[in-house]
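# Here is my input; please provide its structure:
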Amino acid sequence: MADVQVDDQGRPEPPMAEGEAATLLGFLDFQRATLDWKCRGLDDDQLRHRQPPSTNSLGGLLRHLASVEDFWFTEVVAGEPVPEPWTEPIPGSGHTRDWGWPGAADFTGDQLRALWSERVEHSRAVVAGQLAAEGPGALDRTHSAWGGQGFPSLRWVLVHMVEEYARHNGHADVLREAIDGETGE
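Numbers count the residues shown, from 1 in each chain. Presented below is the predicted three-dimensional model:
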């Protein structure tokens, strides 16, 4: 495996000539690092900033993507039960899952960053465990999702997560620019 190159924002460049798993994981980690970059250096109020009429905020994106990490990697791929904090109601909402962004304003930036980082690390461990146990064939193995309504492969989950992050990183770019004028891919 070649040395990982990083760009000016500290994002790992995806490998250009490695296997399928390394390529998929490289692109996913690049997208994760893009979200980290867009949220870096902001205080609590800046992470709560919304650009009306949208209810999105950078803090909300951190919480949302932590939840998405847990859904796909913890619940679907690992087949583990829903972890905290997704089993507790969001203050004032009665909802447990924060697929939207209403509950993020109740948390500090440090709490949101820590939650997201912790869930990303858990997701990486789940995928590493699958690949260690089954090798490249782990990408083909399907997992029950949506209460048995679908059976996506690990490959599908990884591609979907690249798409999920890329879409939300577009939102993050607009939100960051509205906060302090910082722009970039």
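
# tell me, what residue is most central in this structure?
When Cα atoms, centre = their mean is applied to the chain, the residue found nearest the centroid is Leu65 (4.0 Å).

# residues contacting it?
The contact partners of Leu65, by Cβ atoms under 8 Å, 6 or more residues apart in numbering, come to 35, 116, 164-165, 168. Where C-beta positions appear, they are placed from N, C-alpha and C, glycine not excepted.

# Quick one, which of those residues are buried?
35, 116, 164-165, 168 (16 or more other Cβ atoms under 10 Å).

# Could you work out the most separated pair of those?
Using Cβ to Cβ, the two most remote members of those are Trp116 and Glu164, lying 13.2 Å apart.

# Give me the nearest residue to His122, chain neighbours excluded.
Excluding the flanking residues, the one nearest His122 by Cβ to Cβ, 6 or more residues apart in numbering is Thr74, at 6.4 Å.

# Report the contact partners of that neighbour.
Per Cβ under 8 Å, 6+ apart, neighbours of Thr74: 80, 82-83, 119, 122-123, 126.

# quick one on the thing from earlier: please report how far the residue nearest to the centre of the chain lies from Leu35.
7 Å (Cβ to Cβ, to the nearest Å).

# same check, this time on Leu28
Applying Cβ to Cβ to Leu28 and Leu35 gives a distance of 11 Å.

# Common neighbours of those two, please.
Tyr165.

# that older thread, closest one of the buried ones among the contacts of Leu65 to Ile179?
Nearest to Ile179 among the buried ones among the contacts of Leu65, counting by Cβ to Cβ, is Leu35 at 14.5 Å.

# surely that closest one meets Arg63?
No - Leu35 is beyond contact range of Arg63, at 11.6 Å (criterion: Cβ atoms under 8 Å).

# Could I have the CA atoms of stretch 41-61 written out in PDB?
This file holds the C-alpha atoms of stretch 41-61, laid out as PDB (Å, rounded to 0.1, in the frame of the first residue of the first chain):
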ATOM      1  CA  GLY A  41     -12.400  26.100  13.700                       C
ATOM      2  CA  LEU A  42     -16.000  27.100  14.300                       C
ATOM      3  CA  ASP A  43     -17.600  27.900  17.700                       C
ATOM      4  CA  ASP A  44     -20.900  26.600  18.900                       C
ATOM      5  CA  ASP A  45     -22.900  29.500  17.500                       C
ATOM      6  CA  GLN A  46     -21.300  29.200  14.100                       C
ATOM      7  CA  LEU A  47     -22.000  25.400  14.000                       C
ATOM      8  CA  ARG A  48     -25.700  26.300  14.800                       C
ATOM      9  CA  HIS A  49     -25.900  28.900  12.000                       C
ATOM     10  CA  ARG A  50     -28.700  28.200   9.500                       C
ATOM     11  CA  GLN A  51     -29.200  29.700   6.100                       C
ATOM     12  CA  PRO A  52     -33.000  30.200   5.900                       C
ATOM     13  CA  PRO A  53     -35.200  28.900   4.700                       C
ATOM     14  CA  SER A  54     -33.200  25.700   5.300                       C
ATOM     15  CA  THR A  55     -33.000  24.200   8.800                       C
ATOM     16  CA  ASN A  56     -29.600  22.700   8.000                       C
ATOM     17  CA  SER A  57     -26.600  23.700  10.100                       C
ATOM     18  CA  LEU A  58     -23.000  22.400  10.100                       C
ATOM     19  CA  GLY A  59     -23.600  21.000  13.600                       C
ATOM     20  CA  GLY A  60     -26.800  19.400  12.300                       C
ATOM     21  CA  LEU A  61     -24.800  17.800   9.500                       C
END
